[in-house]
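Colleague: Fold the following.
(2 chains)
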Protein chains: 2
Amino acid sequence: MDSNPLFAKVALLGIGLIGSSMAHAMRRAGLAAHIAGFAPHAETLEKAKRIGFADSLHDTLQPAVRDADFVVLAAPVGAFGDLMRQMAPHLKPGAIVSDVGSVKAAVIRDVAPHVPEGTHFVPAHPIAGTEQSGPEAGFAELFDGRWCVLTPTPDTDAQAVETVKTFWRRCGSEVEIMDARHHDLVLAITSHVPHLIAYNIVGTAADLETVTQGEVIKYSAGGFRDFTRIAASDPTMWRDVFLNNREAVLEMLGRFSEDLTALQRAIRWDDGEALFNLFTRTRAIRRSIVEAGQDTAAPNFGRLRKKT
Amino acid sequence: MDSNPLFAKVALLGIGLIGSSMAHAMRRAGLAAHIAGFAPHAETLEKAKRIGFADSLHDTLQPAVRDADFVVLAAPVGAFGDLMRQMAPHLKPGAIVSDVGSVKAAVIRDVAPHVPEGTHFVPAHPIAGTEQSGPEAGFAELFDGRWCVLTPTPDTDAQAVETVKTFWRRCGSEVEIMDARHHDLVLAITSHVPHLIAYNIVGTAADLETVTQGEVIKYSAGGFRDFTRIAASDPTMWRDVFLNNREAVLEMLGRFSEDLTALQRAIRWDDGEALFNLFTRTRAIRRSIVEAGQDTAAPNFGRLRKKT
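Modeller: Predicted coordinates:
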């Protein structure tokens, strides 16, 4: 692995789970001579300072992005347009701006118009995360073996795309290039709708009159607890994802609901064969995911077997 | 912990994940002088023999249940009625029959009429499992810290209930007594509907035309992979669960779909506040589950951080 710094200065605009993990991964790979972190809240900056993953920390944009070769939007996607507009006058000529947003067409729509002449915008999405948030949640290995999808437009500078590719590879990721609209469809089914139905069932369970919340918690090991993990993800981030990937999410949700109605009907009309056939098909996909190195083969995700 | 054998002979009718885990847990706690295993298929018996968790293995019921003090139905619930009817003439007087079925009202409906005079039936459900099946999947710690729910009827022998309670405690579980119909409602929301929607979204994702199955697998770390775990559970077992807990599942599914439609509408009409409020509420439930010792606090269920 190359150990020359790829950039003299990197600015992370947002230092939560993803931003802080990037800082740790950059440190591990020696990617930046100087890492600057920006966050609007004093509390976040305090935590980041204590952990020490950044060389400088800022509550205003100008000093964070000044002289930076690489600037990464790592806040909830609803904030990207404003951030780009505000930092534009302070960008160094030739700087590359990128992002980590979970939606790409809306990000391009919001960010691209404000990118100054002589700088480059390379939209990116590292597909990695945990249910935890904030600067303490980050760790260097988060991106190892995960995919990072870049969604350049036909206008995007090819050299800038290559640099961002190199950056993510040295953070441990594999890199794929994709059209932004296609990315949004893929992520709607692999990430956004799964989060939505996880949030939804946790809400449904909490609101029942016939089953108490205490019972739901006590007996959650039957399957429910799995859903609570992703339903504990950052609320602001996810609100912005759904509002900015509306069409693709509604399309995939429509398919999901249609299929669920068919299952409901199979249960009502005692169609065991339909149920059995689906339940058999779905096993193969799990196997492929484990074989592709995208999940652990250990039962129960390798949760500790003993009582915690 | 008491180390006297609780039973001279225990018969496990079914030696898959749950049956074999019970054998391992019984060995660990010294609960039975003799463990007999029954399975209809030679292949299953071969595997069990190789692992060695049973003292005797049988492909017919009579020798398995002969002289047994404790007989456990550990097959898919759709088979319980037939098993009970067939073994009834061979049960020892005073024998206790129990089960591990995930539904309880239907099991009582199917099993109770065939329980011979002078023997006892204590319906039970250990709420524990993994996505794996078969005799190789079992391990002694499966029940540690998990709840086992007993659903005796007013007619059930109190002493037999106490004995089954002791059995599960010595297998590592905590024990709760509940009405069968209430159990079925609780499990519908904490286990059955979660499994159904997991199976459903994996099916939906596999059937898309706009996103390939390869893409779904490749980018599954965004959330989808979590659902594939429980969608890899045993198809026969789960078919039987849905067909035998129809009313409760349809009721809970109705609530889930109603809530999901409201979320869909919030996305369509740009109601970020409704989304944010739900996403904030659901975090607290995750925290309670971790505090109750029913899941790990480690991010990503403690999945290995490194590429597998």
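Colleague: Bridging across strands, which residues link to A:Ile35?
Modeller: Beta-bridge partners for A:Ile35, by DSSP bridges, are A:Val10.
Colleague: That one: neighbouring residues, count only.
Modeller: Neighbourhood size, A:Ile35 [other Cβ atoms under 10 Å in any protein chain shown]: 25. For the C-beta atoms, the positions are set from N, CA and C on the backbone; glycine is no exception.
Colleague: That one reaches A:Arg28, doesn't it?
Modeller: No. Applying Cβ atoms under 8 Å as the test, A:Ile35 and A:Arg28 come out as separate, 12.0 Å apart.
Colleague: A:Arg50 - how many residues pack around it?
Modeller: A:Arg50: 10 neighbours (other Cβ under 10 Å).
Colleague: element containing it?
Modeller: helix A:42-51 (DSSP states H and E).
Colleague: Which segments of chain A make up each domain?
Modeller: Recorded structural domains for chain A (assignment: automatic domain parsing) are A:7-178, A:182-302.
Colleague: where do the strands sit along the stretch 51-200 of chain A?
Modeller: For the stretch 51-200 of chain A, the strands defined by DSSP state E, counting those that start in this stretch cover A:56-58, A:70-73, A:96-99, A:120-122, A:124-126, A:147-150, A:174-177.
Colleague: that older thread, export the domains of chain A to a markdown table and append columns for mean pLDDT.
Modeller: A markdown table is the format used below for those (pLDDT from 0 to 100):
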| stretch | mean pLDDT |
| --- | --- |
| domain A:7-178 | 98 |
| domain A:182-302 | 96 |
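Colleague: between those domains, which gets nearest to B:Ile289?
Modeller: domain A:182-302 (5.0 Å; Cβ to Cβ).
Colleague: can I get the CA coordinates of stretch A:206-221 in CSV?
Modeller: The C-alpha trace of stretch A:206-221 is given here as CSV (Å, rounded to 0.1, in the frame of the first residue of the first chain):
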residue,chain,number,x,y,z
ALA,A,206,-44.6,0.4,20.5
ASP,A,207,-48.1,1.5,19.8
LEU,A,208,-50.0,-1.7,20.4
GLU,A,209,-52.7,-1.9,23.1
THR,A,210,-52.9,-5.7,23.3
VAL,A,211,-49.1,-6.3,23.8
THR,A,212,-47.1,-4.1,26.2
GLN,A,213,-43.9,-2.4,25.4
GLY,A,214,-42.3,-4.4,28.2
GLU,A,215,-43.3,-7.6,26.5
VAL,A,216,-42.0,-6.5,23.2
ILE,A,217,-38.6,-5.8,24.8
LYS,A,218,-38.6,-9.0,26.9
TYR,A,219,-39.3,-11.3,24.0
SER,A,220,-37.5,-9.5,21.3
ALA,A,221,-35.0,-12.3,20.7
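Colleague: Which stretches in the stretch 51-200 of chain A count as helices?
Modeller: A:61-65, A:80-87, A:105-111, A:158-170, A:180-187, A:193-206 (DSSP state H, counting those that start in this stretch).
Colleague: and the fourth one, is it in reach of chain B?
Modeller: Read it as helix A:158-170. No. With Cβ under 8 Å from any Cβ of the partner chain as the criterion, chain B is not reached by helix A:158-170; the gap is at least 13.1 Å.
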